[in-house]
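J.: I'd like to go over a predicted model; first the sequence, then the structure.
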Amino acid sequence: MKNDSSGEALFSDVVAEKDAVRREELIKKLVGRMTLDEKLFQMGGGARLKDLISYGSATFRAGGCKRLGIPALEFTDGPRGVVLNESTCFPVTMARGASWDAELEERVGAAIGQEARAQGANLTGAVCINLLRHPGWGRAQETYGEDTHHLGEMGSALTLGIQRHIMACVKHYAANSIENARFWVDAQADERTLREVYLPHFKKCIDAGAASVMGAYNRLNGTHCCHSRRLLTEILKEEWGFDGFVVSDWTFGLRSSDAADAGLDIEMPNGLFFGFPLKSRIKRGAVPVSLIDAAVARIIRQSARQAERGAGEDYGRARVACREHTDLALEAARKGIVLLKNSNGALPLARENIRSIAVIGELADTPNIGDNGSSDVHPPYVVTPLEGLRNRAGGAVSVTYESGKRLDRVKSAAREADAVVVVVGLTKDDEGEFIFTKGRDRTRLSLSPDHEQLIKAAASANSNCIVVLEGGSAITVENWIDDAAAVLMVWYPGMEGGNALADIIFGDVNPSGKLPITFARSKEQLPPFDRWARKQRYEYLAGYKRFDANRHEPRFAFGFGLSYTSYSYENLKIEPGRIDENGAARFSADITNTGKIAGEEIAQVYVGYPQSKVERPLRELKAFRRVALEPGERKTVTFEISARDLAYYDAASSKWVVEKAEYTVFAGASSREKDLFLQGSFEVS
């Protein structure tokens, strides 16, 4: 064993030790050789004011101990890429959620991890998995959607990818989905709602090996999340067995050093409360040193695992925004675009049949890749919709542009073109992380009046009017949807978004995205939302489940998305038809591409609870898969759902309960009954 004077000391031995029991012994011994000041130094960030002002120019450092060779944590943010220098900008998380492609998301995570490490980071806050309760949430773009199963599958995939290279931090734990009031709002949820709706996706990311969890700003049932022993210790560490470390959300995450008692391990970006105030309490005997030792051990444990990652990988700066990663951003953008309407085959535009396209709207010529808060990425370039259409149009098709400032010129341009593409939507000024004057929750769910007038003007002059929507969440479309021949939701599509859009408009790529959130017809169909709320009740039924319970018909359903081809579903088989509470049922269905072009369908499986003795959703998503099919090709798709996946949480006994009852199975193309083409049942006995 090396001497401390080597600068490597015991940390290198921790890294080298492969036996889990022995490694833990070495971690304990290493912690025991640290002074109290060295321990507390691990538990607080070291950011300076200039670091915060120049956010994104360098990593944020926390901890480290040169004497014992313990490396510092080097944090960077996400989640649409690495918030350092000129990194690859992927589509926002919501757009990637619309791909329903967990394998793709794992590759995106690997690219983010590799680029982060190439720029000196070893920890990223890129895994944002808060469940969308209301589409007005300003940071909706940073999460995957409104369903806990979907969130868990996508978030755990991103976690796996990132952790090939660096440590992943999962945020914001928990029940965080109001932006303006995030520092004080009390999210009130009963235990069953919390366990079934707002926590399962976090557990999936923990099970996928996430190194860290970030506590949320908000309160949960009266207690700030970073001070909640119930959340941080009893559930996360004791019940779920999480052996990583918990960091605070930044600056205003803590109110006192009591957060250490609750189970918080690191205060970011500075150790304000975890410095002198915590040390004073330790000296008085109010905080046991064993609690501090446990926190430091968690940090060292994950740092040691990090030291083992990436052997033989290329972490040169040339990997940042390399062609492989920008091509991946293009793939993600293509797969996340959702075709919402396509009357009379308005799309795709065949190059041989059109001579001119009029592109309308300032957003068509504006790099619009998401908010400018902590998720802001600065790529080396951004392909706008106008640039993308010009890149892909070919020599025979003329692409003209009109900003939309004058409606008479809009009508003239539209009238003279064979087709018109109107690009409208939201920007960083409409939604995003609320930082002083930047970002906010939305109060208006529709487009601005100017954008709606733009659509109507263009459509009045040209019936072949294609509307392209940009934004991070659902937009109500009732005032103009009948005027548009086709509608595409492109979200904030990243640095290659313009090329991806053009690929779909010209039919080079068949749209395959499906909505990860419900598009309501009006705010009356949605739960209450007060962006300045002191308290907010979080309901058991969220998203499409609430729509189903209230018998509301949305404009566009969760899981919905059109294609340039068609698919049929046949031959649902369930084996076995009866399982016990420890068993699993296997489902299979035949999916056929009945159209004339290749495509990718997202098959979805929902389960209903007709015999349940407690309140349950009418049906809820339990499995999904992306299936690539050539014209006329048929594939049998299989899924497996365990009885444990069907359990509800009984608050009285603090246990998960699998009911012995009949369960219904629905398979199809969206959450709406008319799109669930196959139905069957099985029993748990």
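T.: Right, received. Where do you want to start?

J.: kindly export stretch 165-172 (C-alpha atoms) in CSV.
T.: The C-alpha coordinates for stretch 165-172 follow below in CSV (Å, rounded to 0.1, in the frame of the first residue of the first chain):
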residue,chain,number,x,y,z
HIS,A,165,-17.7,7.7,-20.0
ILE,A,166,-18.6,9.8,-16.9
MET,A,167,-21.0,10.0,-14.0
ALA,A,168,-24.7,10.8,-14.6
CYS,A,169,-26.7,12.9,-12.2
VAL,A,170,-30.5,12.4,-12.3
LYS,A,171,-32.7,15.4,-11.6
HIS,A,172,-34.8,17.0,-10.1
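
J.: quick one: average confidence on it?
T.: If you average the pLDDT over stretch 165-172, you get 98.

J.: also stretch 331-346?
T.: In this model, stretch 331-346 has a mean pLDDT of 97.

J.: for it, which residues meet the burial criterion?
T.: Across stretch 331-346, burial judged by 16 or more other C-beta atoms under 10 Å covers 331-342, 346. Quick note: C-beta positions are derived from backbone N, CA and C, even for glycine.

J.: closest to residue 219 among the residues you listed?
T.: residue 336 (33.3 Å; C-beta to C-beta).

J.: next, the residue nearest to that closest one when sequence neighbours are not counted: secondary structure please.
T.: Once flanking residues are discounted, residue 336 sits nearest to residue 95: 3.8 Å by C-beta to C-beta, 6 or more residues apart in numbering. Put simply, residue 95 is helix when judged by DSSP: H, G, I helix; E, B strand; the rest coil.

J.: contacts only, for residue 95.
T.: 141, 332-333, 336-337, 490-494, 513 (C-beta atoms under 8 Å, 6 or more residues apart in numbering).

J.: in strands only, show me those.
T.: Within the contacts of residue 95, no residue falls in strands by DSSP state E.

J.: for the residues you listed, give me a markdown table that also has distance to residue 231.
T.: Below are those laid out as a markdown table (distance: C-beta to C-beta, whole Å):
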| residue | distance to residue 231 |
| --- | --- |
| 141 | 25 |
| 332 | 32 |
| 333 | 35 |
| 336 | 31 |
| 337 | 36 |
| 490 | 36 |
| 491 | 31 |
| 492 | 31 |
| 493 | 35 |
| 494 | 33 |
| 513 | 34 |
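
J.: before we move on, back to that, pLDDT at the residue nearest to residue 336, what is it?
T.: Predicted confidence (pLDDT) for residue 95: 98.

J.: related to what we said a few turns ago, closest to residue 360 among the contacts of residue 95?
T.: Closest to residue 360, out of all of those and judged by C-beta to C-beta, is residue 490, at 15.2 Å.

J.: now the helices: where do they sit in the stretch 251-400 of the chain?
T.: Secondary structure of the stretch 251-400 of the chain, counting by DSSP state H, counting those that start in this stretch: helices at 259-262, 276-283, 289-308, 323-336, 385-393.

J.: excluding its backbone neighbours, what's nearest residue 102?
T.: Closest residue to residue 102 apart from its sequence neighbours, by C-beta to C-beta, 6+ apart: residue 157 at 4.0 Å.

J.: what is the neighbour count of that neighbour?
T.: Applying other C-beta atoms under 10 Å, we find 24 residues neighbouring residue 157.

J.: what's the helix or strand harbouring it packed up against?
T.: Assigned by DSSP states H and E, residue 157 falls within helix 148-162. When contacts are defined as 3 or more C-beta pairs under 8 Å, 6 or more residues apart in numbering; DSSP states H and E, helix 148-162 packs onto helix 93-97, helix 102-118, strand 123-128, strand 167-173, helix 200-207, strand 620-629.

J.: please pull out the lowest mean pLDDT helix or strand from this structure.
T.: When each helix and strand of the chain is scored by mean pLDDT, DSSP states H and E, helix 49-53 comes last, with a mean of 74.

J.: which parts of that helix are buried?
T.: Residues of helix 49-53 classed as buried by neighbour count (16+ other C-beta under 10 Å): residue 51.

J.: what's in contact with it?
T.: Here helix 49-53 makes contact (C-beta under 8 Å, 6+ apart) with 58, 60, 269.

J.: distance of the first one from residue 535?
T.: Noted for residue 58: a distance of 39 Å to residue 535, by C-beta to C-beta, to the nearest Å.

J.: so for those two, which sits in the more crowded spot?
T.: In terms of neighbours (other C-beta under 10 Å), residue 58 is the more surrounded of residue 58 and residue 535; the figures are 17 against 13.

J.: now that one, nearest residue through space, not along the chain?
T.: Nearest one to residue 58, counting by C-beta to C-beta, 6+ apart, is residue 51 at 6.9 Å.

J.: repeat that for residue 450.
T.: In space, residue 450 is closest to residue 404, 7.8 Å off (C-beta to C-beta, 6+ apart).

J.: surely the one you found touches residue 411?
T.: No. With contacts counted by C-beta atoms under 8 Å, residue 404 stays clear of residue 411, the gap being 10.8 Å.

J.: more crowded one of these two?
T.: residue 404 (24 against 19).

J.: contacting residues for the more buried one?
T.: 360-362, 410, 422, 450, 454.

J.: just the buried ones among the residues you listed, please.
T.: By neighbour count, with 16+ other C-beta under 10 Å, the contacts of residue 404 hold 360-362, 410, 422, 454 as buried.

J.: go through these and say which is closest to residue 498.
T.: Using C-beta to C-beta, those come closest to residue 498 at residue 361, 13.1 Å.

J.: what about the residue lying closest to residue 165 once chain neighbours are set aside, how many neighbours?
T.: Spatially, and ignoring its direct neighbours in sequence, residue 165 is nearest to residue 113 (3.3 Å; C-beta to C-beta, 6+ apart). Residues contacting residue 113 under the criterion other C-beta under 10 Å number 30.

J.: wait, residue 585 sits on residue 680?
T.: No. When contacts are counted by C-beta under 8 Å, residue 585 is not listed as touching residue 680 (9.8 Å).

J.: domains for the chain, by residue range?
T.: With domains defined by automatic domain parsing, the chain comprises 34-318, 332-524, 567-684.

J.: give me the mean pLDDT for the shortest one.
T.: Taken as a whole, domain 567-684 has an average pLDDT of 97.

J.: off-centre distance for that domain?
T.: Between the centre of domain 567-684 and the centre of its chain there are 23 Å (C-alpha atoms, centre = their mean, to the nearest Å).

J.: about what we covered before: any idea which of the helices and strands packed on helix 148-162 is most buried?
T.: helix 93-97 (a mean of 31; mean count of other C-beta atoms under 10 Å).
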